[in-house]
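> no sequence for this one, just the structure:
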């Protein structure tokens, strides 16, 4: 059904690469990529996000942040964003993909998943748990 999944956040260094890694682990047969609305292009994953993932048993692998482009949206079967404002911004920029843009938390409360960037390790831990719950909810729908 949905074979190409795109996860999107702001910088593509914290939430979306974590969500992509979790989805890859849950759905290894799927092609999962990530990007950011502002995309800190060329940057690695945030070291705190990577360490929190590692402590939770998730290996995120190599990562190079990228800025979201039209072709990323076009190539994806479903696009999962972290916050409703990101959904609105994405649809404003690429209205043709509006039917395939959902909150990552769509199946478990449809709440925004806040950005932990520069907010300390506890914030990253909390956000990791939210992303983990949301990706598990999506894995059965993909």
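Ah, there it is. Since we're looking at a predicted model, the values are computed, not measured.
> can you pull the contacts of the spatially most central residue of the chain?
Centroid check for the chain by Cα atoms, centre = their mean gives residue 16 as the closest residue, at 2.6 Å. Going by Cβ atoms under 8 Å, 6 or more residues apart in numbering, residue 16 touches 7, 8, 9, 34, 35, 36, 82. Using the backbone N, CA and C atoms, a C-beta is placed for each residue, glycine as well.
> mind running it again at 7 Å?
Residue 16 makes contacts with 7, 8, 9, 34, 35, 36, as judged by Cβ atoms under 7 Å, 6 or more residues apart in numbering.
> residue 31 now?
3, 4.
> including neighbour count, distance to residue 23 and pLDDT, could the contacts of residue 16 go into TSV?
Converted to TSV, the contacts of residue 16 look like this (neighbours: other Cβ atoms under 10 Å; distance: Cβ to Cβ, whole Å; pLDDT from 0 to 100):
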residue	neighbour count	distance to residue 23	pLDDT
7	29	7	98
8	30	13	98
9	30	14	98
34	27	9	98
35	23	14	98
36	24	16	97
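> of these, closest to residue 138?
residue 7 (9.9 Å; Cβ to Cβ).
> helices and strands around the host helix or strand of that closest one, which ones?
Using DSSP states H and E, residue 7 falls within strand 4-9. The contact analysis (3 or more Cβ pairs under 7 Å, 6 or more residues apart in numbering; DSSP states H and E) places strand 4-9 against helix 15-26, strand 31-36, strand 78-81, helix 84-93.
> buried ones in whichever helix or strand comes after the second one?
Per DSSP H and E, strand 31-36 leads on to helix 47-55 as the next helix or strand towards the C-terminus. By neighbour count, and taking 16 or more other Cβ atoms under 10 Å as the criterion, the buried residues in helix 47-55 are 48, 49, 50, 52, 53.
> make sure residue 133 is actually in contact with residue 108.
Yes: the pair formed by residue 133 and residue 108 meets the contact definition of Cβ atoms under 7 Å, at 5.5 Å.
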